[in-house]
Each structure stands twice: as structure tokens, then as C-alpha cells.
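>>> give me the fold of what follows.
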Amino acid sequence: ATYHEFQTPPLGDFDDPAQLADYPLWPDLDKYDYAGAKALAVRAREFGFATIGPWVSDFEVYCMMRGLENAFMDLISEPDFLEATLARIHDVQMKMTERHLNELGDLLDIVFISDDMASQQNLFMSLDVWDRFFRDRLSEYCDLVHRHGKKVLFHSDGAVHDLIPRLIDCGIDILNPIQHVCSGMECSRLKREFGDKIIFHGGVENQSILPFGTPADVRKEVLECIDTLGKGGGYIPCSCHNIQAGTPVENVLALIETVKSASLS
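Residues are numbered from 1 along each chain as shown. Next up, the predicted model:
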């Protein structure tokens, strides 16, 4: 996987919401490559794949623009600046998403909303703070996607157990990536508490088993995820987040082949 990091956040030195009006690089909605996205979707359909996109985010974009340290401090110390900036980010993302939905029509199946909200031990913020800044915005995304007859996949790494009821209330359909090694994210628990409300996507552990285990370890892990998260349906098995560079090819093949074998049994 390739990851892009921002060394100098463009809003890092801002201290007043009024400065946002002078920021020159708010996205031009006409410059998104809607035709390119449509061509990729057509190609995916030729191979029988479901299609997912575009990538939508509020807090992750904010962190990139503001800098991670500032972003976490702003949750408490600069709520007015946070709110004003999120409003602009959200407006762009909503309009961009609607353009994609209109342009692609039946070629698009799922919209990908990504807002990491947790470490491997706990949430990044209190539930009250999440409610204040993110609940209504996520609901607006979900409502927009559902009006177009599509599904919402919500991505957050980490220990998001306590947030899941709120995500469901907002309207998400699929939860990714199911890091079951994180606090409160045990597969059996998630299935028991939420398995009748959402679809799980991911699950196969990729911090130790997939990159450093044997093919037999991978097969065991995949089957355990299928037996728990997939019991009675409602599970899309795959790696828990992107497969990292250096992962043995035989382990990747073991994942794929085990899923195929299980689906045929």
C-alpha cells in the first residue's frame, strides 16, 4: 500500500475562522475526474466486480489540513475554528459525492466514508464531542447516498466499539475494517451485538498473522473470521486494512483461496 503524508499542513498557522475565506486552495468541484471514475467503474463491471467510491472524509481531511496535533487540540480548545473548517470541508465533500452519484448512476454500488476515530485502545474523542461535530454530518452523507439507492461503507481503524451504535443510527450499512485485536472489538462480541444491523467488512488480522504468520496461520484466521463475523451471513471477508508491502505472496493466496473454498462449501 502507498500512503501519502503531509509535511506542512496548510491551515497549521491559522488562528481565526475569518482566515478561511482567504485560503486559495479550496477544491474546484469541476476539476474532479468524474469521467475517469466512470471509466474505471465500467472496467470493473466487465470483470464482475462491485464498485466503491468516492473517498469521503471530514475529520481525516481536517487532520491533513490542520496537522494532527492541532486537530486533536482543536476538538477542545478551538471549537469555533474546527466547526467553521469542517463546514467548508463537508460542503465540498457533499457536493463532490453527489456529482459522482449522478455521473456514475448504476455503475456505483457503495460510497466509501473514511474517518478514523480510534486508537487501538480507545476512541480519539469523547462521544459527546463526536456528537457535536460529526453525528449530523455523517447522517447527511448517509441520507444522500441512500437517496441514490447506494450503500454506505464506513471505515475507522481501532477500538470503535462504543461508537458503533451511533454509526448505525446515522445510517451506515457496512463497517470496515474490524480490527479485532483492538480493545472491545472481538469478532464474537461485534456479531452478537450488531450482526443484525450492519455488514462487517475486513477482519483478517494484518499486523502479525498476514505478514508474519504461515499460510496455515492465515487459513485458520480466515476461517475463524468467517465462523464468527460471517455466521448467518452479513460478512465480506478480506484483510483488516490494506495488505502491507513485504507480506508473503503465499499468505495472500492462502487468504483468497480459503475465502473461495469457504464460499463453495
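>>> could you use CA atoms for every contact and neighbour count after this?
Noted.
>>> pLDDT weak spots in this protein?
Scanning the chain with the threshold set as pLDDT under 70 gives 1-2, 6, 264-265.
>>> for it, what spans make up the strands?
Ranges of strands within the chain are 52-56, 110-114, 151-155, 174-176, 199-204, 235-239, based on DSSP state E.
>>> most neighbours per residue, which of those strands?
strand 199-204 (a mean of 24; mean count of other C-alpha atoms under 10 Å).
>>> how near is the spatially most central residue of the chain to residue 135?
The centre of the chain sits closest to residue 155, judged by C-alpha atoms, centre = their mean, with a distance of 2.0 Å. Going from residue 155 to residue 135 by C-alpha to C-alpha, to the nearest Å gives 15 Å.
>>> and what of residue 61?
16 Å.
>>> what's the answer for residue 80, then?
Distance, residue 80 to residue 135, by C-alpha to C-alpha: 17 Å.
>>> the two - which one has more neighbours?
A direct count of neighbours by other C-alpha atoms under 10 Å for residue 80 and residue 135 places residue 135 higher, at 17 against 14.
>>> grab the nearest non-local neighbour of that one.
residue 170 (6.9 Å; C-alpha to C-alpha, 6 or more residues apart in numbering).
>>> for the chain, longest helix please?
helix 79-104 (DSSP state H).
>>> flag every buried residue along it.
81-83, 85-86, 89-90, 92-94, 96-101, 104 (16 or more other C-alpha atoms under 10 Å).
>>> residues making contact with stretch 204-224?
179-181, 225, 237-241, 243-244, 246-248, 250-252, 254-255, 258-259, 262 (C-alpha atoms under 8 Å, 6 or more residues apart in numbering).
>>> which among those count as buried?
Those of these that meet the buried threshold are 179-181, 225, 237-241, 243, 247-248, 251-252, 254-255, 258-259, by 16+ other C-alpha under 10 Å.
>>> now, the residues you listed that are in helices?
Per DSSP H, those map to helices at 225, 251-252, 254-255, 258-259.
>>> can you add distance to residue 127 and give the residues you listed back as CSV?
As requested, those are exported to CSV (distance: C-alpha to C-alpha, whole Å):
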residue, distance to residue 127
225, 28
251, 38
252, 37
254, 39
255, 35
258, 38
259, 36
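>>> I'd like to know how many residues surround residue 185.
20.
>>> need phi/psi at it.
Main-chain dihedrals, residue 185, degrees, to the nearest 10: phi -110, psi 20.
>>> and residue 214, how many neighbours?
Residue 214 has 15 neighbouring residues, counting by other C-alpha under 10 Å.
>>> going forward, begin numbering at 34 instead of 1
Okay, using 34 as the starting number, the last item reads as residue 247.
>>> phi and psi next, for it.
Main-chain dihedrals, residue 247, degrees, to the nearest 10: phi -90, psi 170.
>>> measure it to residue 119 for me?
According to C-alpha to C-alpha, residue 247 and residue 119 sit 44 Å apart.
>>> next up, the contacts around residue 262.
When contacts are taken as C-alpha under 8 Å, 6+ apart, residue 262 is in contact with 220-221, 223-224, 228, 233, 268.
>>> check residue 118 too.
50, 53, 95.
>>> change it to 6 Å
Shown in contact with residue 118 (C-alpha atoms under 6 Å, 6 or more residues apart in numbering): no residues.
>>> for residue 188, see how far away it is.
22 Å.
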